[in-house]
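Participant: Got a predicted structure plus its sequence, pasted below:
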Amino acid sequence: MIRRNQWLAAPLGAATAAALLSGCGSTDGSNAGNGKGVVMGISDKVKSTDPASGYDPGSWLLFNNVFQSLLSFPKGGTTPEPDAAQSCGFEGSDSKVYKCVLRTGLKFSNGHALTAQDVKYSFDRTLKINDDNGPAVMLASIAGIDAPDDKTVVFRLKTPDATFPSKIASGAGAIVDRREYPADKLRTDNKAVGSGVYKLDSFSEKSASFSVNDSYSGKAKAKNNGVTLKFFNGDQAALKTVLENGDVDFAFRGLAAKDIAGLAAAETGDNKVDVVQGTGAEVEHLVFNVNDPVVGKLPVRKAIAYLVDREALVKDVYAGTASPLYSIVPAGIAGHTTPFFDRYGGSPQPEKAKALLKAAGINGKIKLTLYSTPSRYGPSTDQQFQVIAKQLNDSGLFEADMKSVEFEQYEKDIQEGKYGVYVKGWVPDYPDADNFTQPFFGPDNVLHNNYDNKEITGTIIPSTSAKSDRTATNPDYSRLQEIVAEEIPILPLWQGKQYAVTRQNVTGLQWSLDSSTVFRFWEISKG
């Protein structure tokens, strides 16, 4: 579920959405990398090698490199372009029929031809399996898929969905070989067969190895001859140690904020370690259960909004590796505004909080527990909530504490409505305001906070979904963000920056640290 800088492309316009045409690219299998192999350390788990199941950052990193989608995000861009497709576009004016024509000569890494039947099979399979940990939820707007010939695939949508191109450009759109994947169950042998830039050679609990796929037909050109992933399963100290020792060429995701800051100036042997910074749209929110007897009261939520000091959080807890966030749509995503800053300010205002509570007849210190789960959102999460509790207590208006819970129990308790205030992080599936809003509202929203707003769910979201010109959605998203700042079902805290820490002889990492959230193995080279 967590991606903004000089590489940001323009928002998707009406003409682009109507027809996405491919440029020239490698279509002759000449993808063999000439550079050296690289070794990457990562603390995320890759929870699945099957695209019908994985819906986590680690799994999508694998999918983006082993599988092709009809469309993909170009480096530095947020507008999807044809990949396995030669062209894609909506037919008609209602954004309910989407047609793609495939490139000629597509092959999977095992030599099998990739046809429109494989595309249809891949989407039908994900929807049929409907795995709890998979991306089927992103494809819910599909009513049916036709493959009238080997090169043509037509998606029929239940409702207008102008963001459909972005959804199928993500890991949810990975195309599998229908001869290799069962139609009604997941593949569990830790193998993968795709048509992407790389093929998966081996996968274990500790590592995975990838080599360049000579059968790949697309725009990318591999700048290395293979990639080895080493998994550290949340062990930040171990990841830092192997980087300093030179056992990995670079580390991505999972280093502690203080370690990133320290490594920027550290000497390791004869070489310095470089910190490469990119844009980020990973966000973290304080979530309020609006049915809770304490924070269910709007004046209490507004008082908290007046008291939380985001600047202190990003400085003291995250060592500058995040930025204060004042809206549910992060900076760098089209439609972003700053209503929480405009309403509640950028620094604590205890007198306003006090006056608001007094006017509401709420007297005495408000007892409050903030629930955290570091096993999901990292060890800094507990520290962050301790700081927030102190900020609330320092106002003299609250008696707050923090409780840390293991993730499985945490999720169960949230769904049962046991918590009033808790943390939720979000890593976007695609770089559009839709993905930072639509999942958070309605009776079955992913936050499980019992919040619903009929204007948002009945008017704004359907309106934005139907607009192929994404810039035309800005007024609607501005109104949505104002509603959230007024009713405060969630309180945005921070927006993460993306970092990779690398030995000095590794280049190209900046092209994997952009708003699309796609990590591109093929752009990395080693001197």
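Facilitator: Looks like it came in fine.

Participant: was I right about residue 423 contacting residue 375?
Facilitator: No: using C-beta atoms under 8 Å, residue 423 is not in contact with residue 375; the gap is 11.9 Å. Placement of C-beta: from N, CA and C, glycine included.

Participant: OK, contacts around residue 240?
Facilitator: 251, 255, 256, 259, 263 (C-beta atoms under 8 Å, 6 or more residues apart in numbering).

Participant: Phi first, then psi, for residue 474.
Facilitator: The phi/psi pair for residue 474 (degrees, to the nearest 10) reads phi -60, psi -40.

Participant: again, but for residue 302
Facilitator: According to degrees, to the nearest 10, residue 302 has phi -70, psi -40.

Participant: Quick check: the residue lying closest to it once chain neighbours are set aside vs residue 310, distance?
Facilitator: Using C-beta to C-beta, 6 or more residues apart in numbering and skipping residues adjacent in sequence, the residue nearest residue 302 is residue 356, 5.7 Å away. Distance, residue 356 to residue 310, by C-beta to C-beta, to the nearest Å: 19 Å.

Participant: same deal with residue 68?
Facilitator: 40 Å.

Participant: go on, residue 370?
Facilitator: From residue 370 over to residue 310 the distance is 15 Å, taken as C-beta to C-beta.

Participant: just to revisit the earlier point, give me the number of residues near the residue nearest to residue 302?
Facilitator: By other C-beta atoms under 10 Å, 19 other residues sit near residue 356.

Participant: Which parts of the stretch 251-400 of the chain are helices?
Facilitator: 257-263, 298-307, 310-312, 339-344, 350-359, 374-377, 380-394 (DSSP state H, counting those that start in this stretch).

Participant: which one of those helices is the most hemmed in?
Facilitator: Counting by mean count of other C-beta atoms under 10 Å, helix 298-307 has the highest mean neighbour count of the helices of the stretch 251-400 of the chain, with a mean of 22.

Participant: by contact count, what packs against that helix?
Facilitator: helix 339-344, helix 350-359, helix 380-394, strand 490-496 (3 or more C-beta pairs under 8 Å, 6 or more residues apart in numbering; DSSP states H and E).

Participant: 7 Å instead, please
Facilitator: helix 339-344, helix 350-359, helix 380-394 (3 or more C-beta pairs under 7 Å, 6 or more residues apart in numbering; DSSP states H and E).

Participant: who wins for proximity to residue 246 among those?
Facilitator: helix 380-394 (26.7 Å; C-beta to C-beta).

Participant: Contacts for that closest one, please.
Facilitator: Applying C-beta atoms under 7 Å, 6 or more residues apart in numbering, the contact partners of helix 380-394 are 257, 304, 307-309, 312-313, 316-318, 348, 368, 370, 372-374, 398-402, 404, 423.

Participant: any idea how far that helix is from the chain center?
Facilitator: On the basis of C-alpha atoms, centre = their mean, to the nearest Å, helix 380-394 sits 25 Å off its chain's mean C-alpha point.

Participant: looking only at pLDDT, what's the mean for it?
Facilitator: For helix 380-394, the mean per-residue pLDDT is 96.

Participant: Would you mind getting the angle between it and strand 490-496?
Facilitator: Counting by axes from the mean of the first three to the mean of the last three C-alpha atoms, to 10 degrees, helix 380-394 lies at 130 degrees to strand 490-496.

Participant: Helix 380-394 to helix 298-307, inter-axis angle?
Facilitator: Interaxial angle of helix 380-394 relative to helix 298-307 (the same axes, to 10 degrees): 100 degrees.

Participant: what are the C-alpha coordinates of helix 380-394, in CSV please?
Facilitator: Extracted C-alpha coordinates of helix 380-394, given in CSV (Å, rounded to 0.1, in the frame of the first residue of the first chain):
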residue,chain,number,x,y,z
SER,A,380,10.3,4.3,14.3
THR,A,381,6.5,4.0,14.5
ASP,A,382,6.6,3.4,18.2
GLN,A,383,8.9,6.4,18.8
GLN,A,384,6.7,8.6,16.6
PHE,A,385,3.6,7.8,18.6
GLN,A,386,5.5,8.3,21.9
VAL,A,387,6.4,11.8,20.6
ILE,A,388,2.8,12.5,19.5
ALA,A,389,1.5,11.4,22.9
LYS,A,390,4.0,13.8,24.6
GLN,A,391,2.9,16.6,22.3
LEU,A,392,-0.7,16.0,23.3
ASN,A,393,0.2,15.8,27.0
ASP,A,394,2.3,18.9,27.0
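
Participant: Run through the neighbouring helices and strands of the one helix or strand residue 122 maps to.
Facilitator: For residue 122, the enclosing helix or strand under DSSP states H and E is helix 116-129. Helices and strands touching helix 116-129, by 3+ C-beta pairs under 7 Å, 6+ apart, are strand 142-149, strand 152-157.

Participant: export the ones you listed to a markdown table and tack on distance to residue 44?
Facilitator: Shown next, in a markdown table, are the helices and strands packed on helix 116-129 (distance: least, C-beta to C-beta, whole Å):
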| stretch | distance to residue 44 |
| --- | --- |
| strand 142-149 | 28 |
| strand 152-157 | 31 |
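
Participant: What separation do you get for residue 128 and residue 386?
Facilitator: Where residue 386 is concerned, residue 128 sits at a distance of 45 Å (C-beta to C-beta).

Participant: ditto for residue 102
Facilitator: From residue 102 to residue 386 the distance is 53 Å (C-beta to C-beta).

Participant: again, but for residue 94
Facilitator: Relative to residue 386, residue 94 is positioned 51 Å away (criterion: C-beta to C-beta).

Participant: now do residue 471
Facilitator: Distance from residue 471 to residue 386, by C-beta to C-beta: 41 Å.

Participant: what do you get for residue 215?
Facilitator: 52 Å.

Participant: rewinding a little: greatest separation within the contacts of residue 240: which pair is it?
Facilitator: 251 and 256 (11.1 Å).

Participant: Pick out whichever of those two has more residues nearby.
Facilitator: Using other C-beta under 10 Å as the criterion, residue 251 and residue 256 rank with residue 251 on top: 27 against 19.
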